[in-house]
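A.B. asks: with the input below, show me the fold.
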Amino acid sequence: MASEVKKAAGQIIRTLYRNGNPDKAVLASLRNAPTITSHRAETVWPVIMTNLDESQLSHAPNGEPTPEEVAVYTAIRFYAIHQQGNNDSFVYASAYSEDPQGETFFGALGRLRGNDDLRVAMDRRVQPLLATTNVSGVINSLSHLVSILKSHSPAQKIDYALLAQDLYGLQKSYEQASRVRLRWGQQYYSVKQAKSEGENTND
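C.D. replies: Predicted coordinates:
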């Protein structure tokens, strides 16, 4: 199921990008609609619901979205935020493929952490997120990190479909959520920091 969420998110992102002629109206609505239940999110419902299986769609009497809907919507919204203003570059690509061009979301944040001027501020945002168990809190924190990533690495290709898969796992069980947070921590902290100029590399 998680791999299906990833596949659907990737298909939706490519549909919205339209080979370099992005659907600007839908992307604008995505950026301004925090959740899939937001009024402005209605413009993207057709493409989301076309790409999700019937079993992944909400049938709850109260309309509560499924974990799949939340995960896919959140990831494509983050893509929309990052894509804004990048008219000459598609900011989505797979991080794990035969010819990987993309970066994991937390791997990209880890590269920013390599900047001495950003490390403390990055850790101040990322560390509480990795300790958070509330999905809404995680999504809110991620939205701020997307903006930071966009401002410092606007053309960086991020695997937002993989992020959708992680967001799905985050909602399934405590054990799966713990594994997702561990994976994010591994991606964030494993990026080797660049040595300062003049630093002795033989130590």
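A.B. asks: residues of stretch 183-191 that come out buried?
C.D. replies: For stretch 183-191, a neighbour-count test (16 or more other CB atoms under 10 Å) marks 184-185, 187-188, 191 as buried. The way it works is simple: take the backbone N, C-alpha and C, and place the C-beta from them, glycine included.
A.B. asks: next one: that stretch to chain centre, how far?
C.D. replies: Distance, stretch centre to chain centre, for stretch 183-191: 15 Å (CA atoms, centre = their mean, to the nearest Å).
A.B. asks: and the contacts of that stretch?
C.D. replies: 104-107, 109-111, 113-114, 126, 130, 166 (CB atoms under 8 Å, 6 or more residues apart in numbering).
A.B. asks: helices - which of those land there?
C.D. replies: When the contacts of stretch 183-191 are checked against helices (DSSP state H), the matches are 105-107, 109-111, 113, 126, 130, 166.
A.B. asks: between those residues, which is nearest V70?
C.D. replies: D166 (12.1 Å; CB to CB).
A.B. asks: poorly predicted segments of this structure, please.
C.D. replies: Along the chain, the model assigns pLDDT under 70 to residues 1, 192-203.
A.B. asks: now do the helices in it.
C.D. replies: Under the criterion DSSP H, the chain contains helices at 2-17, 24-31, 45-51, 67-83, 105-113, 116-130, 135-152, 160-172, 174-189.
A.B. asks: roughly how far does R14 sit from T74?
C.D. replies: Here the distance between R14 and T74 works out to 17 Å (CB to CB, to the nearest Å).
A.B. asks: correction: S29
C.D. replies: 15 Å.
A.B. asks: neighbour count: those two, which is higher?
C.D. replies: T74 (25 against 19; other CB atoms under 10 Å).
A.B. asks: tell me if I'm right that that one and Y168 touch.
C.D. replies: No - the criterion here is CB atoms under 8 Å, and T74 misses it with Y168 at 9.7 Å.
A.B. asks: before we move on, the earlier item: identify the farthest-apart pair in the contacts of stretch 183-191.
C.D. replies: Using CB to CB, the pair of the contacts of stretch 183-191 lying farthest apart is G114 and D166, separated by 22.1 Å.
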